[in-house]
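Enquirer: Dropping a prediction and its sequence here:
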Amino acid sequence: MRSRSARQQPVWLGTLPYALVAAATVLRLAPHAPNFQPFGALALFAGAILPRPWTFVVPLGALALSDAVLGFYGIGMLWVYGSYALIAALGGLALRRRSPITVAAMALAASVLFYVVTNFGEWTGPLYPHTAAGLIASFAAAVPFFRNTVLSDLAYSLALFGIYDAARRTEQRRAEAPQRTT
C-alpha cells in the first residue's frame with residue numbers, strides 16, 4: 001500500500017484552481033447586483049493557492065479579459081487592478097494555512113482594502129475636490145456599495161476555498177486508502 005506524495009497530485013487537482021478562476025470570471029459577466037462579483041475572492045484565492053508569478057498574472061489577466069468584454073473604464077482601472085494585486089498578495093501572506101475563520105477574516109480585509117484603495121483613487125480624479133472634505137465625500141459616496149462587496153467577498157471566498165479544500169481532502173483520503181487488486 002503506497003500513498004501518493006504531495007508532489008504527485010493528480011492533474012485534475014492541479015488544474016482545479018484555474019477552473020475555479022475561470023468560473024469566477026464568467027460569473028463576473030453574468031448579471032449581478034452592483035459590487036456583488038467574485039473578483040475580491042478570486043484574487044485572495046489566487047494569492048493563496050497559485051504558484052508565483054501566477055498569483056498575480058491569473059487574477060489580473062482574468063480581470064482584463066472580463067473588462068475586454070464589459071468595457072474598459074479609464075484611469076480608475078489602475079486603482080481597481082492595484083487593489084486586486086494587493087488582495088492577491090494578502091491571500092499569499094495570510095491564507096497558505098487557512099480555516100473558514102481566517103478565510104472569512106481575509107475576505108473582510110479584502111473588502112476593506114478594495115474600498116480604501118479604489119475610493120482614494122476616485123478622490124484623486126476630477127470628481128471630488130482634493131481636500132479632506134472631498135476625501136470624506138468620496139468614501140461616503142461608496143458606502144452603499146460596500147455591503148455588497150463584503151457579502152460577495154465572503155460568499156465567493158468561502159465557496160472557492162471550500163470547493164478546493166474539499167477536493168484536496170477527498171483526493172488525500174482516496175490516495176491513502178488501500179488499493180484493491182483483483
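Expert: It's in.

Enquirer: Hmm, A48 is touching L95, no?
Expert: Yes - counting by C-beta atoms under 8 Å, L95 is a contact partner of A48 at 3.6 Å. Heads up, the C-betas are built off the backbone N, CA and C, glycines and all.

Enquirer: where do the contact lists of those two overlap?
Expert: Contact criterion C-beta atoms under 8 Å, 6 or more residues apart in numbering; residues shared by A48 and L95: F161.

Enquirer: Neighbour count: these two, which is higher?
Expert: A48 (26 against 21; other C-beta atoms under 10 Å).

Enquirer: which SSE is that one in?
Expert: Element membership of A48 [criterion: DSSP states H and E] is helix 39-49.

Enquirer: Between helix 39-49 and the helix or strand harbouring F120, find me the angle.
Expert: For F120, the element it lies in under DSSP H and E is helix 100-124. Following axes from the mean of the first three to the mean of the last three C-alpha atoms, to 10 degrees, one obtains 120 degrees for the angle between helix 100-124 and helix 39-49.

Enquirer: Would you mind identifying the next helix or strand past helix 100-124?
Expert: Helix 100-124 is succeeded, C-terminally, by helix 132-176 (DSSP H and E).

Enquirer: what helices or strands is that next one leaning on?
Expert: Judged by 3 or more C-beta pairs under 8 Å, 6 or more residues apart in numbering; DSSP states H and E, helix 132-176 is in contact with helix 11-29, helix 39-49, helix 100-124.

Enquirer: one more time with 10 Å
Expert: Contact analysis of helix 132-176 by 3 or more C-beta pairs under 10 Å, 6 or more residues apart in numbering; DSSP states H and E lists helix 11-29, helix 39-49, helix 76-94, helix 100-124 as its packing neighbours.

Enquirer: Make a markdown table out of the ones you listed and add mean pLDDT and distance to R174.
Expert: As requested, these are exported to a markdown table (pLDDT from 0 to 100; distance: least, C-beta to C-beta, whole Å):
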| stretch | mean pLDDT | distance to R174 |
| --- | --- | --- |
| helix 11-29 | 94 | 10 |
| helix 39-49 | 96 | 20 |
| helix 76-94 | 96 | 27 |
| helix 100-124 | 97 | 23 |
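
Enquirer: Burial-wise, tell me which of these comes out on top.
Expert: Mean neighbour count (mean count of other C-beta atoms under 10 Å) peaks for helix 39-49 among the helices and strands packed on helix 132-176, with a mean of 29.
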